[in-house]
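A.B. asks: what shape does this take:
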Amino acid sequence: MSVYCVYEPDLVDPFPETPARVLARRGLLRRIQSTQAEINRLQAMQYEAVAEFAGKAEDRSAVARELALALAVSPRAAENQIGLAEALVTRLPETLKAMRRGEIDAYKASKIHEPAAALTDEQAREVDAIMAGRIDRKDPSGLRRSTALAVARVDPDGYARRCARRRARRGIELVPQGEGMVRLCADIPVEVGAAAYARIDAEAHRRRRVDMSKTVEQYKADVFAELLLKDTSGLTVGPKAEVFIYMDVYTWLNLNTQPAEMAGVSSRTGLHRPALREPCVTLSRHTAPIARSDVVLLPSASA
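C.D. replies: Residues are numbered from 1 along each chain as shown. Alright, predicted model coming up:
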């Protein structure tokens with residue numbers, strides 16, 4: 001099998017009028033590369049125009065809406081384009097030159113802009129000068145990592161402060177995925193995340209060597225869930241649902257003949273249905289306190 005992946009920076013399609021279906025694979029790859037380079041150069045022209053368009057606006061607040069209507073994109077996407085365009089023109093001239101040469105597109109340029117956004121103009125230009133020698137043949141992730149290293153080198157104190165702020169905002173998020181699945185994401189310090197992933201990865205590969213019925217990724221997900229569901233004694237427990245029901249004291253004492261309804265349960269008496277008495281369900285009852293003025297003394301049966 002022949003693989004043609006040689007990068008030629010000054011590549012030009014020698015047969016631009018030839019239909020793609022009659023070209024060999026090498027010719028097709030040359031056309032793909034030359035077309036991408038042309039797209040990159042056109043994007044450089046477009047982003048320069050966007051920066052000028054924003055700079056000549058009388059009402060700065062309306063620029064994003066105007067651009068969104070012109071390009072049929074969301075106002076947020078238009079704002080991002082304006083921010084990148086202005087940064088390329090004023091703070092990242094070497095990155096813009098790389099776009100003009102056809103070396104990178106706007107998406108790759110954004111991976112240089114984003115880490116440098118917290119810097120001053122002078123610092124950003126210094127990072128841009130460093131990245132001028134690192135752009136060649138890097139994918140977007142590689143560009144972002146390389147730019148982050150350059151940012152830490154140019155502004156070590158500011159980088160340390162930003163790291164401390166990010167650590168203070170650590171947390172987790174549960175994102176519904178549909179079709180019975182969710183994604184559990186965590187923002188944690190890099191050394192903690194790396195150590196946790198290494199433990200999960202090692203255990204997943206160990207299980208895979210013993211039992212080939214699951215993929216490594218499936219084992220990783222299983223190990224991750226098992227580690228999180230271990231109780232204080234180290235034993236893994238099954239998923240446990242907690243049902244919180246808030247009711248007033250009158251309903252709890254059966255003095256309210258029209259209690260509120262809950263999805264799946266017709267009334268308070270329905271709380272005794274078997275589904276809520278399963279071992280995996282914790283039922284917590286919270287009664288609202290009674291104010292002294294709400295207490296009504298009922299006559300005794302002998303009165």
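A.B. asks: same for the lengthiest helix in the chain, what does it pack against?
C.D. replies: The residue-count maximum for a helix in the chain (DSSP state H) belongs to helix 25-55. The contact analysis (3 or more C-beta pairs under 8 Å, 6 or more residues apart in numbering; DSSP states H and E) places helix 25-55 against helix 63-71, helix 75-90, helix 93-100, helix 106-116. In this view, the C-beta of every residue, glycine as well, is placed from N, C-alpha and C.
A.B. asks: show me the shaky parts of the chain.
C.D. replies: Applying pLDDT under 70 to the chain flags the ranges 1-15, 236, 239-248, 258-303.
A.B. asks: just want the most central residue of it.
C.D. replies: Cys185 (8.9 Å; C-alpha atoms, centre = their mean).
A.B. asks: wouldn't Ser146 be in contact with Gly133 here?
C.D. replies: No. In this structure Ser146 lies outside contact range of Gly133 using C-beta atoms under 8 Å: 10.1 Å.
A.B. asks: between these two, which one's more packed in?
C.D. replies: Ser146 (18 against 8; other C-beta atoms under 10 Å).
A.B. asks: residues in contact with the more buried one?
C.D. replies: By C-beta atoms under 8 Å, 6 or more residues apart in numbering, the residues touching Ser146 are Met131, Arg134, Lys138.
A.B. asks: on the three-state scheme, the second one is what?
C.D. replies: Three-state secondary structure (criterion: DSSP: H, G, I helix; E, B strand; the rest coil) places Arg134 in coil.
A.B. asks: grab the nearest non-local neighbour of it.
C.D. replies: Counting by C-beta to C-beta, 6 or more residues apart in numbering, the nearest residue to Arg134 once its immediate chain neighbours are dropped is Ser146, at 4.9 Å.
A.B. asks: mind listing the helices for this structure?
C.D. replies: 25-55, 63-71, 75-90, 93-100, 106-116, 121-131, 140-154, 156-168, 190-210, 216-228, 249-252.
A.B. asks: and the first one, how far out from the chain middle?
C.D. replies: The gap between the average C-alpha position of helix 25-55 and the chain average comes to 27 Å, counting by C-alpha atoms, centre = their mean, to the nearest Å.
A.B. asks: kindly report the same for stretch 140-148.
C.D. replies: 17 Å.
A.B. asks: before we move on, back to that, now the helices and strands packed on helix 25-55 as JSON lines including distance to Pro19?
C.D. replies: Listed next are the helices and strands packed on helix 25-55 as JSON lines, based on distance: least, C-beta to C-beta, whole Å:
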{"stretch": "helix 63-71", "distance to Pro19": "31"}
{"stretch": "helix 75-90", "distance to Pro19": "34"}
{"stretch": "helix 93-100", "distance to Pro19": "29"}
{"stretch": "helix 106-116", "distance to Pro19": "29"}
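A.B. asks: go through those helices and pick out the most buried.
C.D. replies: helix 106-116 (a mean of 22; mean count of other C-beta atoms under 10 Å).
A.B. asks: for that one, C-alpha coordinates in PDB please.
C.D. replies: Provided in PDB are the C-alpha atoms of helix 106-116 (Å, rounded to 0.1, in the frame of the first residue of the first chain):
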ATOM      1  CA  ALA A 106      -8.300  30.200  11.300                       C
ATOM      2  CA  TYR A 107      -9.000  27.300  13.700                       C
ATOM      3  CA  LYS A 108      -5.300  26.600  14.200                       C
ATOM      4  CA  ALA A 109      -4.700  30.300  14.700                       C
ATOM      5  CA  SER A 110      -7.400  30.300  17.400                       C
ATOM      6  CA  LYS A 111      -5.300  27.700  19.300                       C
ATOM      7  CA  ILE A 112      -2.500  30.300  19.500                       C
ATOM      8  CA  HIS A 113      -4.900  33.200  20.300                       C
ATOM      9  CA  GLU A 114      -6.700  31.500  23.200                       C
ATOM     10  CA  PRO A 115      -3.800  30.800  25.500                       C
ATOM     11  CA  ALA A 116      -2.300  34.200  24.800                       C
END
